[in-house]
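In: No letters, just coordinates:
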Ligand SMILES: NC(=O)c1ccc[n+]([C@@H]2O[C@H](COP(=O)([O-])OP(=O)(O)OC[C@H]3O[C@@H](n4cnc5c(N)ncnc54)[C@H](O)[C@@H]3O)[C@@H](O)[C@H]2O)c1
């Protein structure tokens, strides 16, 4: 298949590209490098399936028009502003990239009849109230402009399924971690904590640290996303993926650093947008795609630490 991955030079995008190439697909990548790195996909450039890296913006309709001449079978749309805190400080950028940008990508998919896999997020959900976890029927809550922009984009994607019969699926992976995630201030919690552990620095937790996260290893996430593009059973659906186990940020910090004296609590920057409990129920992904996570939290943390050690 000919496949486009927007945001393919980013953290999860890099793993989606890898899996698609391993599966024998022909892959194009579009990324504006606002948060991705070309070096993330450098190793794939000589792969016979790798077709082209386009340094461009999903909001550039002229560039998108040219790119879609390649007659894609599937568009994996991951390109987005991903930071909850940034979206509160600067909602315009997130709205423009995540909602408007998705609209432009969707219009191309409609014109060329290309299946779209839209990468949404667990951050659209309201807090989880029990141990059965969050199914796709769980209430949503736009607690941040990031969540609001993703929900708006999700609705547009599904409207194209109903109005134009466009093959389209919305995927909502839970918090994803692993090699290639940034570990500076803008990175993910796991990467930041592991880096601080390795450098002998203090781990800072915003707020009380009782909020829980369901942490999905990135290769499990990429396998889920890629499979959603291959199967027509999920068209018109929203599908979750997570580990099915949640851990509080306090316990995660202890698990990573061991020594509690190296953990400090600081005031939350935007407590109003925090989601207290996120626990995924992935039974729909199992039923429709046969997908289940394979990497436990312990193994995933080890793999991530090994990778961070190689580049620190
Ligand atoms: N990391 C997570 O825990 C997580 C969980 C669920 C969903 N997601 C979603 O997965 C996708 C990938 O996230 P990630 O964690 O890999 O983040 P990332 O920032 O590494 O990836 C996003 C990529 O999109 C690119 N991009 C941003 N705006 C663009 C634009 N206007 N045009 C072209 N490219 C643009 C960035 O440069 C980056 O490479 C996002 O849609 C995100 O919302 C992430």
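Out: Great, that's in hand. Everything numeric here is computed off the predicted structure, so don't read it as measured data. Residues are numbered from 1 along each chain as shown.
In: So residue 8 belongs to a helix, correct?
Out: No - note on residue 8: no helix contains this position according to DSSP: H, G, I helix; E, B strand; the rest coil, which reports coil.
In: which ones are touching it?
Out: Shown here is residue 8, whose contacts under the criterion Cβ atoms under 8 Å, 6 or more residues apart in numbering are 14, 16-17, 27, 29-31, 36, 41, 53, 76, 78. All C-beta spots, glycine's among them, are computed from the backbone N, C-alpha and C.
In: With residue 88 instead?
Out: When the contact criterion is Cβ under 8 Å, 6+ apart, the partners of residue 88 are 144-145, 270, 273.
In: of all those, which two lie farthest apart?
Out: In those, the most distant members under the criterion Cβ to Cβ are 145 and 270, with 10.7 Å between them.
In: Who has more neighbours out of these two?
Out: Between residue 145 and residue 270, residue 145 has the larger neighbour count (other Cβ atoms under 10 Å), namely 23 against 15.
In: Residue 77 contacts residue 119, correct?
Out: Yes - taking Cβ atoms under 8 Å as the contact criterion, residue 77 and residue 119 are neighbours in contact, 6.1 Å apart.
In: Mind listing the shared neighbours of those two?
Out: Shared between the contact lists of residue 77 and residue 119 (criterion: Cβ under 8 Å, 6+ apart) are residues residue 7.
In: Please report the distance of residue 135 from residue 228.
Out: Distance from residue 135 to residue 228, counting by Cβ to Cβ, to the nearest Å: 17 Å.
In: Helix, strand, or coil at residue 169?
Out: When the structure is split into helix, strand and coil by three-state DSSP, residue 169 lands in strand.
In: Same check on the one 3 residues further on?
Out: At residue 172, secondary structure determined by three-state DSSP is strand.
In: partner residues bridging it?
Out: Each beta-bridge partner of residue 172 is listed here, defined by DSSP bridges: residue 240.
In: How many neighbouring residues does it have?
Out: By the measure other Cβ under 10 Å, the count of residues near residue 172 is 24.
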